[in-house]
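Asks: when you get a sec, could you give me coordinates for this:
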Amino acid sequence: QVQLVESGGGLVQAGGSLRLSCAASGRTFGDYGMGWFRHTEREFVATVSRDGDTRYYADSVRGRFTISRDNEKNTVYLHMDNLKPEDTAVYYCAARLWVATPSRKDWLADGYWGQGTQVTVSS
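Replies: The predicted model follows:
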């Protein structure tokens, strides 16, 4: 099992940037695909494969957000540029054993979740 703790949320003006971090502990980090989701309903934002080579993005964030991971530090990041008020949400980090799909249903079925971090974008 893996435990996840998000950080880096906050208040930012539209057009600004933030970087979210998610620190993992427990089972080997490299065994997990990682993802970021938002809102209570866990809207898909981005996922990254175990080796960091394959990334998926929601259409609403593609070109503005970048997901990355550092397997030495057991951490996944979400760098968010050109933030918009509609990006305001609680952002959740998730881990899924072996495969990082862009399907929200897969992650809800068998993913592990952090507690979330609030991002607020003012207009």
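
Asks: in what element of secondary structure is the residue nearest the centre of the chain found?
Replies: By C-alpha atoms, centre = their mean, the chain has its centre lying nearest to Trp36, at 2.1 Å. For Trp36, the enclosing helix or strand under DSSP states H and E is strand 32-38.

Asks: and that strand, what does it pack onto?
Replies: When contacts are defined as 3 or more C-beta pairs under 8 Å, 6 or more residues apart in numbering; DSSP states H and E, strand 32-38 packs onto strand 18-26, strand 43-48, strand 65-70, strand 75-80, strand 89-97, helix 104-110. (C-beta placed from N, C-alpha, C; glycine too.)

Asks: on contacts alone, who are the packing partners of the lowest-mean-pLDDT helix or strand in the chain?
Replies: Every helix and strand of the chain was ranked by mean pLDDT, DSSP states H and E. The lowest is helix 104-110, at a mean of 94. When contacts are defined as 3+ C-beta pairs under 8 Å, 6+ apart, helix 104-110 packs onto strand 32-38, strand 43-48, strand 89-97.

Asks: please save the CA atoms from it in PDB.
Replies: This file holds the C-alpha atoms of helix 104-110, laid out as PDB (Å, rounded to 0.1, in the frame of the first residue of the first chain):
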ATOM      1  CA  ARG A 104     -11.100   8.200 -14.200                       C
ATOM      2  CA  LYS A 105     -13.100   5.000 -13.600                       C
ATOM      3  CA  ASP A 106      -9.900   2.900 -13.400                       C
ATOM      4  CA  TRP A 107      -8.500   5.100 -10.700                       C
ATOM      5  CA  LEU A 108     -11.700   5.300  -8.700                       C
ATOM      6  CA  ALA A 109     -11.900   1.500  -8.800                       C
ATOM      7  CA  ASP A 110      -8.400   0.600  -7.400                       C
END
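
Asks: for Gly30, give me its contacts.
Replies: Going by C-beta atoms under 8 Å, 6 or more residues apart in numbering, Gly30 touches 50-51, 71.
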